[in-house]
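> Sequence below, structure please.
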Amino acid sequence: MTIPRPRVFLSSTIPDFRDLRSALKFWFEELGFEVQASDYPDFEHAPDAEAIEACLTNVRCSDYYVLFIGERLGWYVADQRASVTQLEYRAAYESFCQTQQRPLLVTFVKQSLRARLDANKRRGKELRQIESFLQEVRRVGDPAPAANWTIPFATFRDVIDGLRSVIPAVRSPLATKAVLENLRQELEVNLAVLMWRLEGKSAFRTWYLAKLRESVDLKRGTLGRSYSLDFRQMRDLVVYFSAGMPSGESLVTRALDHALTSGALLEFESSEQRYRSTEVLEQLYMLRREIDGYLSLRVMLDSNFSVRVIEAWDWINVNRDRTVDIRGLDLLTLFAIHDAQTNVQRLMISLLLYVYHGAPLVQPSILHSSPVVDDREAVDQERMDHATLASLLQSKDVLLVSSLRDLTVAERELGTAFREQLRAILGSDRANAILRQLQPEPPISQAEWDQIVALVSHAH
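As a prediction, the model looks like this:
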């Protein structure tokens, strides 16, 4: 049976666990669970149902049965020689044994009960019954006990830690699970768009251009010339050009964009008191960038490109033993599209394996953004990498001076506006101190401006 939300049944005596039950009900519901607790008005029951039977019915319909055993026995049903809590436990245990699945039993035992049992050799009737119940839960004497694990607790934190250790669904909020599930479905849809069936086998649409892409090394000095392609190479190029590049409308990114902006995949770094990105979030950012790059390159293929490809194909289709010339710049655009599309595919597969199968997240091999072989080193040197940027962001000196230098000449010549900008960057006291040293009148000269930047740099 599929239910909208996982259901938890809280089982315990009520007076001595009222605060705990209230806190747990709120906590579970914040995580997206449905909580059944008989002391709350939203407890499900048929209008004509007897109270105990309503509890047992709810136990059997739950996904998780959370039991608390303390120092009180609770309402005792004489004809069944058991308390209501015991009857709830038996219903949960019988249902679990029958289905081997639900409800999953989680039992907490109050530490003060264990201490009391150890200290009292002569026990009253209620304490003896509680001890008997505890032995029943632990399946004492059962040669093959099942679901008999008990967790001692003294604080609410003990309970939360215990629940997280045995209930996977509480380790991340429902919002996170919804984000990942929506993402999984969208990745599957997009991956299907990027693939096709060839002779009963699945293949990526980039497959047709891959051989040509590997056989031709584009170099900066040769982009202006033409490259000679044989019939097979030209055929692969035409197939990829005509059917291998999905349009922008066919790739859906709503779930991806929501995953990036919802905050559900962030992790809280307690030592720094801030949220930080995660590996899966970083890979989603990378996927978004590669999709954007693919789509922007895709629109660069204008009608003139199509005419040149069709004319070349028509010619070599008649002269199959010859070669045909294709401009290096045309191959550059096509290869760049192929590489971005390949990166999109690899990232989607990695994310799907993580989301769908729970496999460790692996960083796939990403093709360089430049198809030009001898241009890649220069591109890498000019590109701002994350480590360098992080270092700059942590340096107040660099950011401060950069902020001042980035103000335009027009902004500096505004005088008053410039002073407000300087105060916003430095704070009023430090900005006023520097301005008093210079006492410039608008417009501020270049020499005075250089002096301000030098003073700020020295002050830091």
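
> What distance do you get for the closest residue to residue 223 other than its chain neighbours to residue 371?
Residue nearest to residue 223 in three dimensions, not counting chain neighbours: residue 328, with 4.3 Å by Cβ to Cβ, 6 or more residues apart in numbering. For the C-beta atoms, the positions are set from N, CA and C on the backbone; glycine is no exception. Distance of residue 328 to residue 371, given as Cβ to Cβ, to the nearest Å: 10 Å.

> on that earlier part again, burial of the residue nearest to residue 223, as a residue count?
18 (other Cβ atoms under 10 Å).

> Next up, the contacts around it.
218, 222-227 (Cβ atoms under 8 Å, 6 or more residues apart in numbering).

> Select only the buried ones of the residues you listed in ChimeraX?
In ChimeraX, this line selects whichever of the contacts of residue 328 come out buried by 16 or more other Cβ atoms under 10 Å:
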select :218,223,227
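
> Would you map the strands across the stretch 1-150 of the chain?
Secondary structure of the stretch 1-150 of the chain, counting by DSSP state E, counting those that start in this stretch: strands at 7-11, 34-36, 64-69, 76-77, 82-83, 104-110, 150-153.

> Run the chain-centre distance for the last one.
Averaging C-alpha coordinates over strand 150-153 and over its chain gives two centres that are 32 Å apart (Cα atoms, centre = their mean, to the nearest Å).

> re earlier: spit out the residues that contact residue 328 and residue 371 alike.
residue 218.

> is it true that residue 213 touches residue 335?
Yes. Between residue 213 and residue 335 there is a contact under Cβ atoms under 8 Å: 5.6 Å.

> Which positions in stretch 273-280 come out as buried?
For stretch 273-280, using 16+ other Cβ under 10 Å, the buried residues are residue 280.

> First residue to last residue on that stretch, what's the distance there?
End-to-end span of stretch 273-280 (Cα to Cα, to the nearest Å): 21 Å.

> what comes into contact with that stretch?
Contacts of stretch 273-280 (Cβ under 8 Å, 6+ apart): 263, 265-269, 285, 351, 354, 361.

> Tell me the one of those nearest residue 18?
Of all the contacts of stretch 273-280, residue 268 has the smallest distance to residue 18: 30.4 Å, by Cβ to Cβ.

> Against residue 160, how distant is the closest residue to the closest one other than its chain neighbours?
Spatial nearest neighbour of residue 268, chain neighbours left out: residue 275 (5.4 Å); criterion: Cβ to Cβ, 6+ apart. As judged by Cβ to Cβ, residue 275 and residue 160 stand 20 Å apart.

> And residue 291, by the same measure?
39 Å.

> Could you do residue 237 as well?
For residue 237, the distance to residue 160 - Cβ to Cβ - is 60 Å.

> of these two, who's got more company?
residue 237 (24 against 15).

> how about the more buried one, what does it touch?
Neighbouring residues of residue 237 by Cβ under 8 Å, 6+ apart: 208-209, 212, 229, 309, 326, 334.

> Averaged pLDDT, the helix or strand containing it. What do you get?
Secondary structure from DSSP states H and E places residue 237 in helix 231-239. Regarding helix 231-239, the rounded mean pLDDT is 94.

> Equivalent analysis for stretch 324-336, please.
For stretch 324-336, mean pLDDT is 92.

> what's the neighbour count on residue 117?
Residue 117: 16 neighbours (other Cβ under 10 Å).
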